[in-house]
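1. here you go, sequence then predicted model.
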Amino acid sequence: MSTLRYIYTEIYVIIMPLYQHRLLLAEVRCRNIFRIKTTSCQYHIECTLCRLIPRETDGRVIATRGTQNPKKRSISMKFPLRNSAFFMAACCLFAFAPAAASAGDTIKIGVAGAHSGQLASYGLPTLKAVQIIAEQVNAKGGIHGKKIEVLSEDDLCKPEIAVNSAKKLISDGVDAVIGHTCSGPTSAVMPLYKEKSILVISPSATTPGLTKDKEYPNFFRTVAPDDAQAQVDVDFILDTLGAKKIALLDDKGDYGKSFIHFAKEQFEKDGRAKIVLEEGITQGAVDYSAIVQKIKRSQADVVLYGGYHPEASKIVTTMRKKRMKTYFVSDDGIRVQTFIDVAKKYAEGVYASSSKDTTSNPLAIKAIEEHKKKFGSEPGEFYLNAYTAMIVLVNAIDKADSTELSAVAKALRSEVVATPMGNVSFDEVGDATGIGYAVSKVVDGKFVEQK
Amino acid sequence: MHFDSQYFIELFASGLTKGSIYALIALGYTMVYGIVGLINFAHGEIYMIGAFVFFLASSLLTVLGLPMWAMICIATAASIFWAGGYGYTVEKIAYKPLRNAPRLSPLISAIGMSVFLQNYVMLGQTEKYLGFPEVIPEFDFLEPFASTFSSSDFVIWVTTVIVMLILTWIIKFTRTGKAMRATAQDRTMAELVGINVNQIISATFIIGSALAAVGGILISSHTGSIHYYIGFIAGIKAFTAAVLGGIGSIPGAVLGGLVLGMAESFATGYFSSAYEDVFAFSLLVLILIFRPAGLLGRAETEKV
């Protein structure tokens, strides 16, 4: 109650000086919540839930409703200066905040993605790649003398948090963003970046709409989009595995759903196989045996799963424990060593599509060595994609000699850069050229590319 | 369409497994609520910590080269001990100082503790998913049923039943159990008749945490992976199960867990997996509309 009074008194303290009347005591009636007495003040201010209507009266004492309580005194009467000073100070604080984002002499690269939460293993290697390259470039003196500053934001692969991360990066004055990790958050934040003409290169957001819809000229990616990936899996299932009955499974997230959506389209267009089951599973659930029973009942030859490795490993484990021989094919969300580490012997025989194998590329070997030296462990998922993204970005800023969007975008499209993933450039919608997809199979605890 | 009994049995089995796990964790929620009137949102994290301690202990013991069964026993004991320790500490830090505060404060404190523990494990261990060792061997006598349920399902059911029986024995036939029931009924009176209420509350937390740790070990062995975030979803589902069965009532927690597990399993099997949560929570809403205190709960009468 006293807080309410304080607030209304504050509003009143602001209004009063506007009317240039000396403040003594004022009567404020507010639906009988509280009242403050006045003696010689000319204004009778009535407020109904924050609506203030000043009315002029004759200068006599305004009678109030109810009894006059001599103890009730205006707080502002007691400490008029304190209250106004506090309010003024609060306003001043807000005035200074935007001034912090000033154009400095560093190039700010934002890294936004899942750095904690269930999908952190997809986002943290990106941050590490950007940090490694930023260090190298700064050691050589930066780009045209400007050092790179890395700003990192965690979006937990959730669209609503990603919007906040994007706003924070924008207000910090970021020049370009490597991110976001997941397709859903990236789709959510692209309008914000487009409005501010900020360049975005994603190492792992694969939903095709981001480039194919041609809405975002500031978006690029160093990973092939989902429809290309789905095509690879579909062709493999129909041609190599020769399956006739397909069960489609997705994790109800943006990435998994869109992957399955394209795969379904391609299956239906081809017509050789029948789709016997289409289901969505809950991410993070405790047990998936019910859905596995359903797959068994549908007598599918192949399960095509769109989603990430945590659920995939649980499903594959449950399937093999139930002695099911169904093939399991999935996307690059599971084409990661973590999947094999977690599913262990049950991962044998699982197929997954991903970017073409780069382990023989000397730049890739060098990049992995750098990670081992700095962080003492093998790099994780999308590390090479992020490494590539950062290299092409640094090169483009260097060649364009500015961080302005159109100049850098032009440089990205016209330059071909040697990267750990091959010789990479970009087409006019922002997809990378030079990155292809292939299907790998788990053999003896390792992914082996199938020709 | 003729009734596919094999399919029904399979769904029933998977529902039983899910339900048993929810029941184990829900017991912790319900016991704490019965005694202190607090929803311990950090309980899901204790489940996760129990799994992690088992993982670490078994990795350590594998190096020593002990036989499998000895390793499991020691690692389980370590896990229960550590999880109990965490439960005790969380209670002392986050809930005891707020025992006389308005109901909202310990609730927020519990949520904060949950986030803290998640990130503590993420930073202290790793953000990656780790492969959990398969501690439940394949039993030969279950081989003919392998396509319906696996041996880890079987072990989960058996363990849950044994744990329930032990817990019921503790509550009904020991002095500590009697003291717990007394404290749950009326804390002030219990203090007046000489029960050390602080000790009883700590004991409750420790027992609940031990149960959660056992649940964590079982389910992590069943799915084969652990991650610092698994406690969150499991905790929410188990809390739902506890409320469904009547929070504050121990048989209610078990019943609620089984009902929730079955509902999810049958919804997935007969309708669509995309709607499994919808069915589970619609069931919760329906039950609460017709029985506001839950299936076996008693409506709290406020003495005026």
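-> Good, I have the coordinates. Numbers count the residues shown, from 1 in each chain, chains lettered A, B, ... in the order given.
2. where does chain B have its least confident helix or strand?
-> Least confident helix or strand, chain B: strand B:130-131 with a mean of 80, by mean pLDDT, DSSP states H and E.
3. for that strand, which strands pair with it and how are they oriented?
-> strand B:225-226 (antiparallel) (DSSP bridges).
4. and the next element down the chain from the partner strand?
-> helix B:230-245 (DSSP states H and E).
5. and that next one, what does it pack against?
-> Applying 3 or more C-beta pairs under 8 Å, 6 or more residues apart in numbering or on different chains; DSSP states H and E, one finds that helix B:230-245 contacts helix B:5-36, helix B:43-64, helix B:104-124, helix B:197-223, helix B:250-270, helix B:276-290. Heads up, the C-betas are built off the backbone N, CA and C, glycines and all.
6. buried set for that helix?
-> B:230-235, B:237-245 (16 or more other C-beta atoms under 10 Å in any protein chain shown).
7. what distance separates that helix from the centre of its chain?
-> 8 Å (C-alpha atoms, centre = their mean, to the nearest Å).
8. give the rounded mean pLDDT of it.
-> Averaged across helix B:230-245, pLDDT comes to 88.
9. cool, and stretch A:156-172?
-> 91.
10. what residues does it touch?
-> Stretch A:156-172 has contacts (C-beta atoms under 8 Å, 6 or more residues apart in numbering or on different chains) with A:98, A:101, A:108, A:110, A:112-119, A:122-123, A:151, A:153-155, A:177, A:180-182, A:184-189, A:192-193, A:196, A:198.
11. redo that, cut-off 6 Å
-> With contact meaning C-beta atoms under 6 Å, 6 or more residues apart in numbering or on different chains, stretch A:156-172 is reached by A:101, A:110, A:112, A:114, A:117, A:119, A:151, A:153, A:155, A:180-182, A:184-185, A:188-189, A:192, A:196.
12. so A:L412 touches A:A396, yeah?
-> Yes. The criterion here is C-beta atoms under 6 Å, and A:L412 meets it with A:A396 at 4.6 Å.
13. rewinding a little: tell me which of the helices and strands packed on helix B:230-245 sits nearest to B:L296.
-> Using C-beta to C-beta as the measure, helix B:250-270 is the one of the helices and strands packed on helix B:230-245 that comes nearest B:L296, at 3.6 Å.
14. how about that closest one, does it get close to chain A?
-> Yes. Applying C-beta under 6 Å from any C-beta of the partner chain, one finds helix B:250-270 touching chain A at B:S265, B:T268, B:G269.
15. what angle separates that helix from helix B:276-290?
-> Comparing the axes of helix B:250-270 and helix B:276-290 via axes from the mean of the first three to the mean of the last three C-alpha atoms, to 10 degrees yields an angle of 140 degrees.
16. pull out the buried positions in helix B:250-270.
-> Across helix B:250-270, burial judged by 16+ other C-beta under 10 Å covers B:250, B:252-269.
17. that helix packs against which elements?
-> With contacts defined as 3 or more C-beta pairs under 6 Å, 6 or more residues apart in numbering or on different chains; DSSP states H and E, the packing partners of helix B:250-270 are helix A:289-298, helix B:5-36, helix B:230-245, helix B:276-290.
18. and the contacts of the first one?
-> Under the criterion C-beta under 6 Å, 6+ apart, residues A:247, A:276-277, A:281, A:303, A:318-319, A:324, B:7, B:10-11, B:14, B:265, B:268-269, B:273 lie in contact with helix A:289-298.
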